[in-house]
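Novice: generate coordinates for the sequence data below:
(chains A, B, C and D)
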4 protein chains.
Amino acid sequence: MCGVFGVQGSLDATKYTFLGLYALQHRGEESAGIVTFNREKANIVKGCGLVEEVFKKVNLDEIQGSLAMGHVRYSTTGSSNDINVQPFMVKHRGKTLAVVHNGNLTNTSFLSQQLESSGSIFQTSMDSEILIHLLAKSSEDDLENKFVEALGHVEGAYSALFMVDDILVGARDPYGVRPLSLGKKDGAYFFTSETCAFDLVGVEYIRDIARGEIVFIYPDGKIASKQMKKAKASRCVFEQVYFARPDSLVFGQSISKQRKRLGHVLAEESFVDADMVLAVPDSGNFAAMGYAEKSGIPFEMGIVRNHYIGRTFIKSSQLIREFSVKIKLNPIRDLVDGKKIVLVDDSIVRGTTSKRRVEALRECGAKEIHMRVSCPPVVSPCFYGMDFPSTKDLIGAQKSVEAIGDHIGVDSLSYLSLQGMKNALNGEKDEFCDACFSKSYPIKVDQSANKYVMENA
Amino acid sequence: MCGVFGVQGSLDATKYTFLGLYALQHRGEESAGIVTFNREKANIVKGCGLVEEVFKKVNLDEIQGSLAMGHVRYSTTGSSNDINVQPFMVKHRGKTLAVVHNGNLTNTSFLSQQLESSGSIFQTSMDSEILIHLLAKSSEDDLENKFVEALGHVEGAYSALFMVDDILVGARDPYGVRPLSLGKKDGAYFFTSETCAFDLVGVEYIRDIARGEIVFIYPDGKIASKQMKKAKASRCVFEQVYFARPDSLVFGQSISKQRKRLGHVLAEESFVDADMVLAVPDSGNFAAMGYAEKSGIPFEMGIVRNHYIGRTFIKSSQLIREFSVKIKLNPIRDLVDGKKIVLVDDSIVRGTTSKRRVEALRECGAKEIHMRVSCPPVVSPCFYGMDFPSTKDLIGAQKSVEAIGDHIGVDSLSYLSLQGMKNALNGEKDEFCDACFSKSYPIKVDQSANKYVMENA
Amino acid sequence: MCGVFGVQGSLDATKYTFLGLYALQHRGEESAGIVTFNREKANIVKGCGLVEEVFKKVNLDEIQGSLAMGHVRYSTTGSSNDINVQPFMVKHRGKTLAVVHNGNLTNTSFLSQQLESSGSIFQTSMDSEILIHLLAKSSEDDLENKFVEALGHVEGAYSALFMVDDILVGARDPYGVRPLSLGKKDGAYFFTSETCAFDLVGVEYIRDIARGEIVFIYPDGKIASKQMKKAKASRCVFEQVYFARPDSLVFGQSISKQRKRLGHVLAEESFVDADMVLAVPDSGNFAAMGYAEKSGIPFEMGIVRNHYIGRTFIKSSQLIREFSVKIKLNPIRDLVDGKKIVLVDDSIVRGTTSKRRVEALRECGAKEIHMRVSCPPVVSPCFYGMDFPSTKDLIGAQKSVEAIGDHIGVDSLSYLSLQGMKNALNGEKDEFCDACFSKSYPIKVDQSANKYVMENA
Amino acid sequence: MCGVFGVQGSLDATKYTFLGLYALQHRGEESAGIVTFNREKANIVKGCGLVEEVFKKVNLDEIQGSLAMGHVRYSTTGSSNDINVQPFMVKHRGKTLAVVHNGNLTNTSFLSQQLESSGSIFQTSMDSEILIHLLAKSSEDDLENKFVEALGHVEGAYSALFMVDDILVGARDPYGVRPLSLGKKDGAYFFTSETCAFDLVGVEYIRDIARGEIVFIYPDGKIASKQMKKAKASRCVFEQVYFARPDSLVFGQSISKQRKRLGHVLAEESFVDADMVLAVPDSGNFAAMGYAEKSGIPFEMGIVRNHYIGRTFIKSSQLIREFSVKIKLNPIRDLVDGKKIVLVDDSIVRGTTSKRRVEALRECGAKEIHMRVSCPPVVSPCFYGMDFPSTKDLIGAQKSVEAIGDHIGVDSLSYLSLQGMKNALNGEKDEFCDACFSKSYPIKVDQSANKYVMENA
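Specialist: The predicted structure is shown next:
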């Protein structure tokens, strides 16, 4: 769970990247950073917290560059401390190398042992540092070949951007697990994890980077592409059902439309007669609207979201924390009192929050609550960059659907079927990684490769 | 534009007040404060910023009390600096007096001159300080009479809470312009500006404080009421159409239902055929759903709200600020491209933001945009506590409806009629103050009484 | 323990005041503040902490004025919280009134009851607020008479500065307990608690304000003086022996010279043969040099002061705190090992620190330690503004000199005699308040008038 | 200009290191850091600012270890930004390596090119990182041999501490330029740059680390030593005359005594008749006392140091900065007025501050000012870790003694002679590096090796 954004060839590269990170903030709230390059030198600003917090006192004009790339992060590799915040940047043979990436390498133990045996030292526990070491060790002379050679050693799921002084490079792993799109505006090139960031700054979406593709953008505007050996397409289905913003294209598909289709199929598979369809806002909005469209039951905005809840709140005293679910989402008593409700959400991970939401609806007088979830139960962790809890905390892995329904206190509970989900996702049904639902992992996983692997050193 | 919340008789009074202010945060983002009283002494915490920011480092247990009251504020009287933050608290004859209030007095110039001529000194430019001086000067011996006498000198619109050591007092002006509700939980009494704060902490709504009523709640649980001379009911209609949260009861009415009814009448008055109804989220949500229900045109969530935009963003460089409207609300290109759209919002004040929103929809390919506003044009300022710009910045006061439509770039623009608005607002049509739409001011206004009046001293 | 500084008639008034407060910082480390007046309005900046901390982020140009006055404070009246920080400022009949003062009123209970009975309300627990209320209530029309009338009600020890819009006023109580000096530079007038602040900014010392004198400085440069009824001169002797900076004139006397003379008499009264005289730096420096001069024993700098110890250190863990005395003042082992030492300090208040200092010298091998104190034992509290602990914590009030010597672990201990102290202090022997040594209080004290009196309200 | 402190074998290692850094704060005010190791893992806290500032919010118990080492820094290599703050720490082959060092390597360009050609990457511009890379690359299996081999590649002046998981290593370069002492307390071993830090925490001084010696201290208390090839002893004479604290032993000599001896010789070489000897506090204190002792002229404390001047002050407006010298050190008018003064300081580097000090004395009426400096003129930069300005800013390199005297405005100026300085420094006259006075550099210097060398990469 990370987001990357990069620009080559605009005097406003830094500002565009700053804006892009705002648009990608939902992909990682733990840290943020931007590195830029101008004629003379590299600049980097990074820190823990939201984009807002990290850049609060930064004058963007002071880190101006014609090349800029940035990162927002929810930690998957390495715990969240200052040293592990991206971008990762080093000096090497007179050049500045930097990297930001989204995803998770799966052969880090092997690679780091190999690198250390020839004298490399590691300052962080980030996958990013390994990518840079591989580049530094590469025996190829040509820059493009150096990337092909270095990334050839890597296994896992990643979409990465690299800065080599004034050259910007974008790469996507051979399976194409994580998204990465290319855009253009006024002669400058842009990379982004999701196109909502392109819309914001008026960049035209050109195409997705292909799986296994490395794209080089030079300061003179020249663009080149190298292709690594491709593997079977394995696009992360969870990006579509849960993670991406509804106003983005991801893997070329409109997320809002995909989610409405999930709602349609959900209504077909598990219709229940009711007075209204409610969404858990904002995550369940589009699936709920799809459910309402297909079922003919009216959609209502019966739960109000409070926009002022920040992080401090969560850390307050026990009494305060008990209200944390309710203060964020408050049902409208007047609308739900005495009503039969279909409650649609996009997923149930731990089940704790859902239980509280259902209680809040009951307190407001809801007569019946039928919960519908727009994906199958999450039964297995993700090794490719999605930050699920461990199996023992995944309620879908521990309980039957019926037991989950009892636990969260609903009158009925249905999940979308695996097949139904694939059918709903327009025409690409065989090209997804759905390991979190199916346990079919497309990329070999070193079972010890959890996110603390490098810290145990 | 302020919110007040108070509790008498609970060991968790401070925490309930803290939570209540979170629920009322939309009523004032500029400052927040809580005062509490326990057996021994008064405690106060207040500061500029959101509740989150002001209480970030405060241990609520250290300001525990069985009585607590709090305030969130958007400045109407006095500019927003530290000294003008409420609660306002003083020591007087061995007792601690404190006040929080929502609204605006209209005879402050007169009162402050009178008070100063007998030696009173003012530390702030807040109406609140005048209320306390009047109490201190009152020649009545009995506390309840003292309040009746002191508030008898005051003209204007206010809902105020007072603390006199361990006694909590709630008062509403004789016109009943601002809301104030009374609730109960586990033997403790609660006051709030809006009932959404009651829902949050599980308080049962009992009734509204009547206009001109002063309610005294004593530490032993005794409750008493005094009635000042009543004036003509003049409830602020803008609370209903714009300001209050949709999950609140205000003046005894469900805001979400009221707004849907505004949407129904709006559809009747100015139907236009279109592919979809969009709301400007979140302000236009319920009116848009009402419009969709009545017109039969599908409601779509075609504009996505970014929840991460904080205040820092707004203060950034010029290039960044240009994106400030778009970064907050982003249209979904895929949904609106090539479509005829009805865009519903709850009001147009300056017109600047609406113009940007329309541009953003055009950039995403919207074919036709028909804007519908769920209240009449705002043509005159509010002297009773709503923070409108001056007349010259009210677009409704400066341009015809047609010219406004041209200005913001829509294919058509219609406002709800004054009569339509009154009809929609369930059964209380004669009891509203609608001066901002009609210029009929129910309370005499000293024209010099703008919000800087005391600062000119 | 406070310091005041004021300027009338310079465009750099704010900066001079800022510098003046730096020079007076030793008089109060708990809070600092400056108020200024320019043609249009008053500005105030104040806060808890050192001058450095309070003004860290303040652009002095933004609070420029031709009149400025400031304050540093060690709390004597009112506990140290934000609301009690000086300057105290109000609006009254179109004018801004502000006050800063050094000292302690002794009839506050009486005055505040009287003021409240006629409707005055108090926001702070500071004496300063009472001074302002008295001015506001005064029935005199003329400003100068108003001050004479208002201050006529006050008993106690004070040196105060007032701002009435663009007029600066300096006043000293009829006993002249606290110092206040007048100076001039480039046509502007200056007030200060100690002349070291004049030296810093190049101001010429003119004279001390007389006891019971009120000096008015008008914006046109006119200066006027009113004389209240004088009482018996009662200059605080502790300013001379302990509190003031050695580079100041206080009550017209050079502090460094006075302290050397105290050392001379101390050597006469309690000579002891030794290898060296050491001072407890910096407080004992001049008395130690005086002792060395008179006794012929060499003066050595055998204790090194660490300049980096801030407040954080003091709040650390137990183990760290144990080192707090030693980290601040470290004996030079090489100099003191095996030596007979006369250790001179300016006072012993609680005895705790002295005990630790003596232990540190023993650890470094000191063979004999003879402590000599350049004033008599402190046996009684100060009600006029010096912040002593209560009698039960004054070691001089609890133990005999011999017992104190045993307690702190010295081979011998002698204090300067009361008569010796008076003889040393050049020619003014009858004009001092020495109540802390003698229990002879020149001004009647309301025994309940401790520093929390107003907070118990 | 840096200080190092380390502890092996105490449960209070972290706290002792924290205290040690306080005692060494004068050796570097720009950054501070501590790394610790306990059974399970390494902890590091570091940041820009004073020890006080960096550790303000740190709970030392949370970074407890039985091994700890720390650093204070004034930048000599690398500019002062966060990434260059020591300790420098990495993970390598399952172990944590960390280093702190005082001094400057002189063959960094050569070493870094060599390391990069075999794939090493650099994240900082610190010498420390090179030391770690050399250790990581060493082909030796045995830890002690690895250090001998790795440090064998290094040229320059350094005293360094290393942590290899639970092993603490102290090393001093073959010339012995920078000090490093070994101590013991309760079975634990301690390293420090200066013994004042030992005194503070009650550690017994054992001996200095020899030049070219590497000392290994194992967690079981075993201690081992390896000797590299020694070079000619070249102890930094500037540590003695200027840099070290007077209460330290450095190179086995008492600094306070050494400085008094410098004062004695200075009085012999350049006696002048006067009324008093003043020191520039605190740097000139001991030389001034020595001068007074030898000359028979009375020593006076005629300049008062203000202890409240922090960094903020320096960054203020122009008018404020003009007072920055005077606010720090204020002459006592009463003492110096009309007097002939010998003013003793330990050095003149740029001359700017001395000029201001002399002006301040003149303003206070000093009749004659004869400046005496207790070392020869500084004529050449230091490449071994002392942070002098470049030659063009060294007034001793640019002007004759007479011209310097004119520049700073004294009646006469004399420096101590090179020979006189050597004679004064007790018995080790041939073992000093005095290149800053004599231009005789004992270690070959790569002229391009200025402190920005690695940043130009």
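Novice: just the helices in the stretch 51-200 of chain A please.
Specialist: With DSSP state H, counting those that start in this stretch, the ranges of helices along the stretch 51-200 of chain A come out as A:51-54, A:108-117, A:127-137, A:143-151, A:196-201.
Novice: buried deepest among those helices, which one?
Specialist: Stretch with highest mean neighbour count among the helices of the stretch 51-200 of chain A: helix A:196-201 (a mean of 26; mean count of other Cβ atoms under 10 Å in any protein chain shown). Any C-beta I mention is one placed from the backbone N, CA and C, and that applies to glycine too.
Novice: just give the number of residues close to the closest residue to A:V90 other than its chain neighbours.
Specialist: Spatial nearest neighbour of A:V90, excluding adjacent residues (Cβ to Cβ, 6 or more residues apart in numbering or on different chains): D:I121 at 4.3 Å. D:I121: 23 surrounding residues under other Cβ atoms under 10 Å in any protein chain shown.
Novice: the strand or helix carrying A:V344 packs against which elements?
Specialist: Using DSSP states H and E, A:V344 sits within strand A:340-345. Judged by 3 or more Cβ pairs under 8 Å, 6 or more residues apart in numbering or on different chains; DSSP states H and E, the packing partners of strand A:340-345 are strand A:276-279, helix A:285-295, helix A:352-363, strand A:368-373.
Novice: out of these, which gets nearest to A:L168?
Specialist: helix A:285-295 (33.6 Å; Cβ to Cβ).
Novice: between strand A:368-373 and the closest one, find me the angle.
Specialist: Using axes from the mean of the first three to the mean of the last three Cα atoms, to 10 degrees, the inter-axis angle of helix A:285-295 relative to strand A:368-373 is 110 degrees.
Novice: tell me if I'm right that A:A292 and A:N285 touch.
Specialist: No: the criterion here is Cβ atoms under 8 Å, and A:A292 misses it with A:N285 at 10.7 Å.
Novice: returning to that earlier point: distance to chain B and mean pLDDT added to the helices of the stretch 51-200 of chain A, as JSON lines?
Specialist: What follows is the helices of the stretch 51-200 of chain A, written out as JSON lines (distance: least, Cβ to the nearest Cβ, whole Å; pLDDT from 0 to 100):
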{"stretch": "helix A:51-54", "distance to chain B": "4", "mean pLDDT": "89"}
{"stretch": "helix A:108-117", "distance to chain B": "31", "mean pLDDT": "90"}
{"stretch": "helix A:127-137", "distance to chain B": "24", "mean pLDDT": "93"}
{"stretch": "helix A:143-151", "distance to chain B": "32", "mean pLDDT": "97"}
{"stretch": "helix A:196-201", "distance to chain B": "6", "mean pLDDT": "93"}
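Novice: could those helices go into JSON lines alongside distance to chain D?
Specialist: What follows is the helices of the stretch 51-200 of chain A, written out as JSON lines (distance: least, Cβ to the nearest Cβ, whole Å):
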{"stretch": "helix A:51-54", "distance to chain D": "14"}
{"stretch": "helix A:108-117", "distance to chain D": "5"}
{"stretch": "helix A:127-137", "distance to chain D": "4"}
{"stretch": "helix A:143-151", "distance to chain D": "11"}
{"stretch": "helix A:196-201", "distance to chain D": "28"}
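Novice: which of these sits closest to chain C?
Specialist: Chain C lies closest, by Cβ to the nearest Cβ, to one member of the helices of the stretch 51-200 of chain A: helix A:51-54, at 18.2 Å.
Novice: same for that closest one, what does it pack against?
Specialist: helix A:13-23, strand A:31-37, strand A:42-48.
Novice: near chain B, anything from the longest one?
Specialist: Just to be clear, that refers to helix A:13-23. Yes: counting by Cβ under 8 Å from any Cβ of the partner chain, contacts between helix A:13-23 and chain B involve A:15, A:18-19, A:22-23.
Novice: returning to what we had before: now the strand holding A:V344: buried residues?
Specialist: A:340-345 (16 or more other Cβ atoms under 10 Å in any protein chain shown).
Novice: in the stretch 301-450 of chain A, which spans are strands?
Specialist: Assigned by DSSP state E, counting those that start in this stretch, the stretch 301-450 of chain A shows strands spanning A:303-305, A:329-331, A:340-345, A:368-373, A:412-415, A:432-433.
Novice: could you dump these to TSV with mean pLDDT?
Specialist: Conversion of these to TSV gives the following (pLDDT from 0 to 100):
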stretch	mean pLDDT
strand A:303-305	90
strand A:329-331	90
strand A:340-345	98
strand A:368-373	98
strand A:412-415	98
strand A:432-433	92
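Novice: between the ones you listed, which gets nearest to C:G49?
Specialist: With respect to C:G49, and counting by Cβ to Cβ, the nearest of the strands of the stretch 301-450 of chain A is strand A:303-305 at 40.0 Å.
Novice: pLDDT wise, what is the closest residue to A:I34 other than its chain neighbours at?
Specialist: Nearest residue to A:I34, sequence neighbours excluded (Cβ to Cβ, 6+ apart): A:G70, at 4.0 Å. Here, the pLDDT recorded for A:G70 equals 98.
Novice: surely A:G70 touches A:K15?
Specialist: No: the pair A:G70 and A:K15 does not pass the contact test of Cβ under 8 Å, sitting 11.0 Å apart.
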